[in-house]
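Chemist: need a 3D model of the sequence below.
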Amino acid sequence: MKIAIAQLNPTIGDITGNAQQILEVANTAASQDVRLLLTPELSLCGYPPRDLLLNPKFRESMTTQVQQLAQQLPLSLAVLVGTVTRNTKAELAGGKPLYNSIALLEGGKVQQIFHKRLLPTYDVFDENRYFEPGRESNSFTIDDQPLAITTENAHSPIKIGVTICEDLWNDEEFWGKRSYQVNPITDLVQQGVDLVVNLSASPYSAGKQKTREAMLRHSASRYHTPILYANQLGGNDDLIFDGCSVAF
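Modeler: Now for the predicted structure:
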C-alpha cells in the first residue's frame, strides 16, 4: 500500500482555499496510485486558528467544507484531513464546545472522526481554551482496494492508529516523566495497530527538529511500530512551521 504525506502550507481562515489545496494534492496522489494521504493538524483552517474558533460561522464553514471535500476527492483515495468538530455533549455534560479532530474521507463520505487526546497549554499553545480532549483511542482499518472497488485480490487490511501532534509527546521513557496521565501511542499499540500516523502542526524552535526526530525514532523502536509524521509548513502569525515530515 502506498501512503503519501502532504506537507501543506495553509492560510489561516481560508477554508475554501485550503480545501482546494488538499484537493489538488489528492488528485496528484491518486494519479500516482497512492491509497492513503495524510495532511497536517487542522489542515482545513490552518494552525493556529485561535479566536476564529469562537465564530459560529467559521465553525459551520468547516463542517460544510469537509462534506464537500469528501464528495470531490478521487474515489481511489482515502484522506486524513485536520478539522474542527463540535462537542455535542458539551451542553449536557459540560466541557469545551469543540474538538481538534481528524476526518477520514473516503468513498465520497466522512467515514470516521478522530479527536486529539492531549491538549498542550504551555509556551505558544493554549488549546484548552477552545477544545475538549478526546477520550478514546483512534484507529481505523484500510486495505489496498478502495471502498468503491471490491476484488478477490485485495490484501489483508492494516490497522492504523491516528494521533494528533501532542498525542506523541508523552513518552515517559524518552522524557523521563509524563506530562499527562494517558499515553495514546501505548493504548494504540496494545490494540494491535500496524502503523501509527501523527498529523501535526509543530512550530519551529532551535534544535526542535533533532529532538522531534529523536522522540519519534525512540517511539518507533520502543513499540516496534512504524510511525509516519506529517507536519505543517510555513509561517502563521508569530509561528514558523518547519515541515520536516518524516517516517520511522
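Chemist: part of a helix, is residue 67?
Modeler: Yes: Residue 67: assigned to a helix according to DSSP: H, G, I helix; E, B strand; the rest coil.
Chemist: look at the residue nearest the centre of the chain and give its secondary structure.
Modeler: The centroid of the chain falls nearest to residue 199 when counting by Cα atoms, centre = their mean (3.4 Å). With three-state DSSP as the basis, residue 199 sits in strand.
Chemist: pLDDT weak spots in this protein?
Modeler: Applying pLDDT under 70 to the chain flags residues 91-92, 147-155.
Chemist: now do the strands in it.
Modeler: 3-5, 36-38, 78-86, 98-106, 109-115, 139-142, 158-164, 195-200, 227-231, 233-236, 239-242, 246-247 (DSSP state E).
Chemist: contact partners of stretch 199-218?
Modeler: 38-43, 47-48, 80, 82, 102, 124, 162-165, 168-169, 171, 173-174, 198, 227, 229-232, 239-242, 244, 246, 248 (Cβ atoms under 8 Å, 6 or more residues apart in numbering). Placement of C-beta: from N, CA and C, glycine included.
Chemist: which among these end up buried?
Modeler: 38-43, 47-48, 80, 82, 102, 162-165, 168-169, 171, 174, 198, 227, 229-232, 239, 241-242, 244, 246, 248 (16 or more other Cβ atoms under 10 Å).
Chemist: what's the separation between residue 128 and residue 95?
Modeler: 11 Å (Cβ to Cβ, to the nearest Å).
Chemist: again, but for residue 53
Modeler: In terms of Cβ to Cβ, residue 53 sits 15 Å off from residue 95.
Chemist: more crowded one of these two?
Modeler: For residue 53 versus residue 95, neighbours defined as other Cβ atoms under 10 Å are more numerous around residue 53 (21 against 14).
Chemist: who's in contact with that one?
Modeler: Residue 53 neighbours (Cβ under 8 Å, 6+ apart): 59, 84, 98, 130.
Chemist: in CSV, list those residues along with distance to residue 72 and neighbour count.
Modeler: Below are those laid out as CSV (distance: Cβ to Cβ, whole Å; neighbours: other Cβ atoms under 10 Å):
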residue, distance to residue 72, neighbour count
59, 21, 20
84, 20, 23
98, 25, 20
130, 28, 20
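Chemist: now, which of those sits nearest residue 118?
Modeler: Closest approach to residue 118 among the contacts of residue 53 (Cβ to Cβ): residue 130, at 14.6 Å.
Chemist: surely residue 83 meets residue 47?
Modeler: No: between residue 83 and residue 47 there is no contact under Cβ atoms under 8 Å: 11.3 Å.
Chemist: overlap in contacts, those two.
Modeler: Common neighbours of residue 83 and residue 47 (Cβ under 8 Å, 6+ apart) do not exist.
Chemist: so where do the helices sit in this structure?
Modeler: Along the chain, the segments classed as helices by DSSP state H run 15-31, 56-72, 90-93, 172-175, 184-190, 208-223.
Chemist: does anything pack onto the fourth one? Which helices or strands?
Modeler: In terms of contact count using 3 or more Cβ pairs under 8 Å, 6 or more residues apart in numbering; DSSP states H and E, helix 172-175 is assigned the packing partners helix 208-223.
Chemist: ditto for the fifth one
Modeler: Judged by 3+ Cβ pairs under 8 Å, 6+ apart, helix 184-190 is in contact with strand 158-164, strand 195-200, helix 208-223.
Chemist: which one, of these, ends up nearest to residue 108?
Modeler: Comparing those by Cβ to Cβ, strand 158-164 comes nearest, at 20.3 Å.
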